[in-house]
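> Coordinates only, no sequence provided:
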């Protein structure tokens, strides 16, 4: 499995965890008084975020991306829904280059 393929999968999982954190766990914490929702989803999201960065660095080295692209991919991880777009674009890149 290439680092790009792994990065795509992690980007998708990280994006899903971010959406769950923002739109399910946070409302459960503040509107339903269930702070554990944020605690556990936050742990998972934090782990996936660290994995996202590690996979980004691995793919950067393997694919010889420019620094600007890596910065954009990092910023993409901080914005809701953008990791899904990233995954789609990386899938296209993986298909073209393989």
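Thanks, I have the structure now. Computed from a predicted model, the values in this text were never measured in an experiment. Numbers count the residues shown, from 1 in each chain.

> show me where pLDDT drops low in this structure?
97-98 (pLDDT under 70).

> In it, where's the longest helix?
With secondary structure taken from DSSP state H, the chain has its longest helix at helix 35-63.

> And it, what does it pack against?
The elements that helix 35-63 packs onto, with contact taken as 3 or more Cβ pairs under 8 Å, 6 or more residues apart in numbering; DSSP states H and E, are helix 3-20, helix 26-32, helix 67-76. Bear in mind the C-beta positions are built from the backbone N, C-alpha and C, glycine included.

> angle of the first one against helix 67-76?
Between helix 3-20 and helix 67-76, the angle formed by their directions is 30 degrees, by axes from the mean of the first three to the mean of the last three Cα atoms, to 10 degrees.

> Quick check: buried residues in helix 3-20?
Of all the residues in helix 3-20, those buried under the rule 16 or more other Cβ atoms under 10 Å are 3-4, 6-8, 10-15, 17-19.

> Run through the neighbouring helices and strands of that helix.
For helix 3-20, the packing partners by 3+ Cβ pairs under 8 Å, 6+ apart are helix 35-63, helix 82-97.
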